[in-house]
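# My questions concern the predicted model and sequence given below.
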Amino acid sequence: MKQGVVELALAGVCGVAAIIGLTTSQTRQPYDLTQIQFCPKSINGVQSQITLDKRFCHKPRYVLTEEWLRYGLYGSIIPYKGDAIQWVRDLPTDNPNQLLGYGIAVTGLWGIVGCLLVRSQRLKRTDYELGELEKTGDYATWQHNKHKREVKQHSTQLYTERLKDGLSGLDTEERKALGLTDEENERAKARIQLEDFMKARAVNHSVMDKTIAENLRDKAKADIERGKIEGKTKGAIANDNHPLTDQRLISDLIEALKNYEDGWLWKVIDNQKPVWVLGEAGSGKSTLAASIVMLREYLFDMPLYQLIDAHAGENLRNAWRYLSPQLIAQTEEQIGQAFDDARERWLDRINNQPDKQPQQLLVDEFTNYSEFDITKEPAKKFVKASLSDPRKAEERLVCIAHFFTNTAVGGSDGTAKGRARGTIQIDRKTADGKIPLKVAVINGLNNSDGDAELDKKVTIPLWFTPESIHKHFNGQPIDFDD
């Protein structure tokens with residue numbers, strides 16, 4: 001109440017200020033005037049002079065200033081009066097307080113508006129709070145009486161059902177007494193009623209299932225729209241709804257591999273055939289090979305046992321950055337020995353290790369191994385043995401070469417047909433020797449009839465890189481829809 005009185009008082013003060021400002025801003029007259037007074041001198045005594053002064057001198061008289069100045073203060077017109085006509089003051093038309101008056105008037109008007117606006121907002125807020133209190137009180141009362149209403153309604157329903165059952169029973173007994181029905185007929189009617197009840201219940205359940213499905217669909221649409229507004233991807237929205245786990249990350253990745261272009265990527269990852277990644281320099285061979293090795297390690301817990309690469313030092317800083325090989329063969333002597341050791345290891349794992357853990361072997365720069373004396377023979381024997389032994393030894397093999405000729409794959413003469421059918425070859429492309437192309441050609445991957453497909457054109461997704469796969473399992477899941 002006090003606040004309302006203050007608001008109205010301030011509005012009143014502002015109104016008075018506006019009126020005063022408007023009043024003081026007005027001009028006094030349309031022309032410049034001069035105020036004069038007529039005080040003739042009397043030849044009578046002093047007492048008579050006081051009477052004349054009261055009669056004439058105290059009455060203001062005004063003439064145009066222009067006329068007053070033009071005629072020399074009326075001295076030439078009324079000479080016999082002498083100094084009876086006296087100047088008092090000039091009254092100009094300009095009002096020196098006009099701007100100040102306007103300012104006070106405008107300020108007063110805005111003050112009125114402000115006071116009324118504050119009062120209006122306060123009253124609205126008060127009305128809203130009163131309304132909320134009233135609704136809260138009504139809701140509390142409704143909740144308090146809800147149980148009583150439900151009990152009463154249930155009681156009435158039970159009474160109605162008992163009454164209906166009783167009347168139905170009496171009617172049935174009367175019909176039996178009259179011979180209009182019998183026990184068999186009544187049992188048939190009861191069975192039909194039960195069937196109708198079960199069907200109605202099934203319909204109700206199906207309606208509820210439909211409503212749940214529609215609600216879930218609408219929620220998914222709303223999440224997608226909200227994600228677009230917030231700048232989130234579909235993968236991020238899915239992560240909000242389902243907390244990420246290692247198993248879920250693996251499941252999402254396997255599903256993406258299976259759904260990409262008839263699942264050729266998944267078939268390569270899951271296949272036991274040796275994989276040969278071919279292509280020119282700059283076509284992305286190492287990137288693709290590293291991605292295959294990493295996926296097998298993450299998805300199948302298949303570690304990289306050994307890396308055979310003459311350029312291992314450079315590649316470990318780039319393409320092999322996310323790989324963790326147990327052994328590395330880099331020099332010609334080490335590479336030749338690694339080929340021989342691999343063949344012996346395969347035989348040992350086949351013959352002496354029934355419960356062996358699957359592992360991987362990655363071989364790079366195969367094109368040059370047939371040219372060196374130290375690696376020529378070991379490479380040739382290694383390639384021939386790789387067509388049969390790695391599968392039985394539970395060792396997945398990934399090799400990299402520029403071409404798939406006998407010379408380019410270690411000088412393994414006489415194995416062309418075996419290599420063509422017993423391995424998977426992925427030939428990558430590049431247009432300028434710098435940037436890999438998305439398209440590739442794959443051979444040796446069996447179709448549903450068991451026949452090896454030839455020159456099948458495929459594409460490699462942009463997310464199929466070692467960096468993306470590493471991030472997928474380290475807090476930045478891949479957005480497969482992007």
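Arrived safely. Numbers count the residues shown, from 1 in each chain.

# For residue 56, give me the pLDDT.
Listed pLDDT for residue 56 reads 71.

# I'd like the next helix or strand past the helix or strand residue 361 falls within.
Element membership for residue 361 (DSSP states H and E) is strand 359-363. Once strand 359-363 ends, the next helix or strand along the chain (criterion: DSSP H and E) is helix 373-386.

# Which neighbouring elements make contact with that following helix?
The helices and strands touching helix 373-386, judged by 3 or more C-beta pairs under 8 Å, 6 or more residues apart in numbering; DSSP states H and E, are helix 332-352. All C-beta spots, glycine's among them, are computed from the backbone N, C-alpha and C.

# try 10 Å
Using 3 or more C-beta pairs under 10 Å, 6 or more residues apart in numbering; DSSP states H and E, the elements in contact with helix 373-386 are strand 304-308, helix 332-352, strand 359-363, strand 395-401, helix 416-422.

# of these, which approaches residue 286 most closely?
strand 395-401 (6.6 Å; C-beta to C-beta).

# For the closest one, what is the distance to the chain centroid?
The chain centre lies 42 Å from the centre of strand 395-401; the measure is C-alpha atoms, centre = their mean, to the nearest Å.

# picking that back up, now the strand holding residue 361 against strand 304-308, angle please.
10 degrees (axes from the mean of the first three to the mean of the last three C-alpha atoms, to 10 degrees).

# Quick one: mean pLDDT for stretch 113-130?
Stretch 113-130 comes out at a mean pLDDT of 89.

# what does stretch 322-337 give?
Stretch 322-337 shows a mean pLDDT of 89.

# Pull out the buried residues from that stretch.
For stretch 322-337, burial by neighbour count (16 or more other C-beta atoms under 10 Å) applies to 322-323, 325, 329-330, 334-336.

# do the same with stretch 362-375
Neighbour-count burial for stretch 362-375 [16+ other C-beta under 10 Å]: 362-370, 375.

# where in the stretch 151-300 of the chain is pLDDT low?
227, 230-245 (pLDDT under 70).

# any idea where the helices of it begin and end?
183-230, 234-241, 246-259, 264-270, 285-300 (DSSP state H, counting those that start in this stretch).

# Grab the nearest non-local neighbour of residue 313.
residue 330 (6.9 Å; C-beta to C-beta, 6 or more residues apart in numbering).

# re earlier: taking the buried residues of stretch 362-375 together, which two end up most distant?
362 and 370 (18.8 Å).

# hang on, the earlier thing: let me have the buried residues of stretch 322-337 in CSV, extended by distance to residue 228.
CSV is the format used below for the buried residues of stretch 322-337 (distance: C-beta to C-beta, whole Å):
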residue, distance to residue 228
322, 32
323, 37
325, 43
329, 51
330, 50
334, 54
335, 53
336, 58
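
# Let me know the closest of these to residue 85.
Closest to residue 85, out of all of these and judged by C-beta to C-beta, is residue 322, at 114.7 Å.

# Need the three-state assignment for the closest one.
At residue 322 the chain is in coil, as set by DSSP: H, G, I helix; E, B strand; the rest coil.

# now swap in the one 3 residues further on and tell me
Following three-state DSSP, residue 325 is assigned to coil.

# OK, contacts around it?
By C-beta atoms under 10 Å, 6 or more residues apart in numbering, the residues touching residue 325 are 293, 303-309, 312, 316, 360-362.

# at 6 Å instead, please
By C-beta atoms under 6 Å, 6 or more residues apart in numbering, the contact list for residue 325 reads 304, 306-307.

# What spatial separation is found between residue 57 and residue 250?
As judged by C-beta to C-beta, to the nearest Å, residue 57 and residue 250 stand 116 Å apart.

# about what we covered before: same list, the helices and strands packed on helix 373-386, but as TSV with distance to residue 213 please.
Converted to TSV, those look like this (distance: least, C-beta to C-beta, whole Å):
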stretch	distance to residue 213
strand 304-308	45
helix 332-352	51
strand 359-363	44
strand 395-401	43
helix 416-422	48
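
# quick one, which of those is nearest to residue 379?
Across the helices and strands packed on helix 373-386, closest to residue 379 is helix 332-352 (C-beta to C-beta), at 5.7 Å.

# What lies in contact with the closest one?
308, 329, 356, 372, 374-375, 378-379, 382, 385, 389, 392-393.

# Likewise for stretch 262-282?
The contact list for stretch 262-282 (C-beta under 6 Å, 6+ apart) reads 257-258, 285, 288-289, 295, 386, 391, 397-401, 404, 423-428, 430, 433-434, 445, 458.

# Quick one: end-to-end length of it, please.
Stretch 262-282 has an end-to-end distance of 27 Å (C-alpha to C-alpha, to the nearest Å).

# Just the buried residues of it, please?
Under 16+ other C-beta under 10 Å, the buried positions of stretch 262-282 are 264-269, 271, 273-279.

# just the residues you listed now: which is nearest residue 65?
residue 265 (105.4 Å).

# and the gap between residue 298 and residue 368?
In terms of C-beta to C-beta, residue 298 sits 31 Å off from residue 368.

# With residue 313 instead?
Distance, residue 313 to residue 368, using C-beta to C-beta: 16 Å.

# and if you look at residue 88?
123 Å.

# Same question for residue 361.
According to C-beta to C-beta, residue 361 stands 18 Å off from residue 368.

# cool, residue 105 as well?
From residue 105 across to residue 368, the span is 98 Å (C-beta to C-beta).

# hang on, residue 120 is in a strand, isn't it?
No: counting by three-state DSSP, residue 120 is not part of a strand but helix.

# what's the burial count for it?
Other residues within reach of residue 120 by the criterion other C-beta atoms under 10 Å amount to 11.

# Relative to residue 110, how far out is it?
15 Å.

# again with residue 62
38 Å.

# again, but for residue 258
72 Å.

# what about the two, which has more around it?
Counted by other C-beta under 10 Å, residue 258 and residue 110 do not tie: residue 258 has more neighbours, with 15 against 12.

# In contact with that one, which residues are there?
residue 266.

# what's the spacing between it and residue 473?
Residue 258 is 18 Å from residue 473, by C-beta to C-beta.

# Over to residue 144?
Relative to residue 473, and taking C-beta to C-beta, residue 144 is found at 55 Å.

# Kindly report the same for residue 174.
According to C-beta to C-beta, residue 174 and residue 473 sit 79 Å apart.

# quick one: which of those two has more around it?
residue 473 (16 against 11).

# What's the local residue count around residue 440?
Neighbours of residue 440 (other C-beta under 10 Å): 22.
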